[in-house]
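Visitor: Sequence and computational prediction follow.
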Amino acid sequence: MSQPVLSVSGLTKDYGNGQGCFDIDFELYEGEVLCIVGESGSGKSTLLTTLAGRLSADAGSVRFRDRAGSSHELTTLAEAERRRLARSEWGFVTQHARDGLRMNVSAGANVSERLMALGQRHYGQLRETAAQWLEKVEISRERLDDRPTAFSGGMQQRLQIARNLVTQPRLVFMDEPTGGLDVSVQARFLDLLRRLVHDTGIAVIMVTHDLGVARLLAQRTLVMQQGRVVEAGLTDQILDDPQHPYSQLLVSSILQA
């Protein structure tokens, strides 16, 4: 097996009073989707934002291997270097697309902005690349000059995906990306995401409260309770034969819903 994109060891973010995430360990490989599941307050979003460097860790190690093969310790990385990697090597998809998009500029500008941050300046090439990515996420290139405010919630979320993937990142963090979508839109979004992971080989870490999303997308799943991983393993194995009482409770609640 190739070397992991991300290696996490003993990662801790402690807010006090038992809040945060504690002693997290896992590895993530190219083309793999890892879901982090648990109820509200379990620490899963804290873990995600700490992994992405948006929160500073209190202990532990997060090593990221970039596309050139260089290894970076994210917990001690200088802020300027973290921003550079965030522009070029990874993406962050928020639950509410409005938080991850610039709503006052066009769809094309939203996608092109990350390319421009990497030094691309040719206007025609930027527009064509943006149009191609709109089509990849099932938005007509005719909407290139429309603002995100004119899009439905599902289209805004797909536009946010295009904005994040246009730089061909190695790793994408996703925080409840299907949370605000209705069932039919969610199904299309998940199908699209599964295809993009297959086509691009990106590694994805996704926080979700929906075990159905985990089953559809993730090879492996971490189950979190009170800031700690209580069960980790292959997604189908965890959902079909959960071992920890908390995992059993989560799966049971889904089956009874």
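Guide: It's in.
Visitor: contacts and neighbour counts: CA atoms only from here.
Guide: Will do.
Visitor: residue contacts, K13?
Guide: 20-22, 46-47, 50, 56-59 (C-alpha atoms under 8 Å, 6 or more residues apart in numbering).
Visitor: would a markdown table of these with pLDDT, secondary structure and neighbour count be doable?
Guide: Below are those laid out as a markdown table (pLDDT from 0 to 100; DSSP: H, G, I helix; E, B strand; the rest coil; neighbours: other C-alpha atoms under 10 Å):
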| residue | pLDDT | secondary structure | neighbour count |
| --- | --- | --- | --- |
| G20 | 96 | strand | 21 |
| C21 | 97 | strand | 28 |
| F22 | 97 | strand | 21 |
| T46 | 95 | helix | 22 |
| L47 | 97 | helix | 25 |
| T50 | 96 | helix | 22 |
| S56 | 93 | coil | 15 |
| A57 | 96 | coil | 21 |
| D58 | 96 | coil | 16 |
| A59 | 97 | strand | 15 |
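Visitor: any idea which of those residues is the one closest to G91?
Guide: The nearest member of the contacts of K13 to G91, counting by C-alpha to C-alpha, is T50 at 14.0 Å.
Visitor: Can you name the residues that contact the closest one?
Guide: Taking C-alpha under 8 Å, 6+ apart, we find T50 in contact with 13, 56-57.
Visitor: swap the cut-off to 7 Å and go again
Guide: By C-alpha atoms under 7 Å, 6 or more residues apart in numbering, the contact set of T50 is 56-57.
Visitor: ranges for the strands of this structure?
Guide: For the chain, the strands defined by DSSP state E cover 6-16, 19-28, 33-37, 59-65, 71-73, 90-93, 171-175, 203-208, 220-225, 228-234.
Visitor: closest to R158 out of those strands?
Guide: With C-alpha to C-alpha, the closest approach to R158 among the strands of the chain belongs to strand 90-93: 10.0 Å.
Visitor: elements contacting the closest one?
Guide: Contacts defined by 3 or more C-alpha pairs under 7 Å, 6 or more residues apart in numbering; DSSP states H and E place strand 90-93 against helix 153-165, strand 171-175.
Visitor: Run through who's touching that strand.
Guide: Outside of strand 90-93, the residues within contact range by C-alpha under 7 Å, 6+ apart are 100, 160-161, 164, 169-175, 177.
Visitor: any idea of the mean pLDDT for that strand?
Guide: Average pLDDT, strand 90-93: 92.
Visitor: How far off centre is it?
Guide: 6 Å (C-alpha atoms, centre = their mean, to the nearest Å).
Visitor: Alpha carbons of that strand, in CSV - could you do that?
Guide: Extracted as CSV, the C-alpha positions of strand 90-93 are listed here (Å, rounded to 0.1, in the frame of the first residue of the first chain):
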residue,chain,number,x,y,z
TRP,A,90,-6.7,20.5,0.4
GLY,A,91,-10.2,21.8,0.5
PHE,A,92,-12.9,22.4,3.1
VAL,A,93,-16.6,22.0,2.3
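Visitor: Paired strands for that strand, with orientation please.
Guide: Sheet neighbours of strand 90-93, with direction, are listed as strand 171-175 (parallel) (DSSP bridges).
Visitor: residues in contact with the strand it pairs with?
Guide: If you take C-alpha under 7 Å, 6+ apart as the criterion, strand 171-175 is touched by 45, 89-95, 202-208.
Visitor: Pull up the gap between M116 and A109, please.
Guide: Going from M116 to A109 by C-alpha to C-alpha, to the nearest Å gives 10 Å.
Visitor: Who has more neighbours out of the two?
Guide: Neighbour count, other C-alpha atoms under 10 Å: between M116 and A109, A109 has more, with 21 against 14.
Visitor: can you pull the pLDDT of the more buried one?
Guide: What the model reports for A109 is a pLDDT of 95.
Visitor: State the number of residues packed around the closest residue in space to L250 that isn't next to it in sequence.
Guide: Leaving aside its chain neighbours, L250 sits nearest to G38 (7.8 Å; criterion: C-alpha to C-alpha, 6 or more residues apart in numbering). Neighbours of G38 under the rule other C-alpha under 10 Å: 26.
Visitor: Next, G38: phi, psi?
Guide: When read as degrees, to the nearest 10, the backbone of G38 gives phi 150, psi 160.
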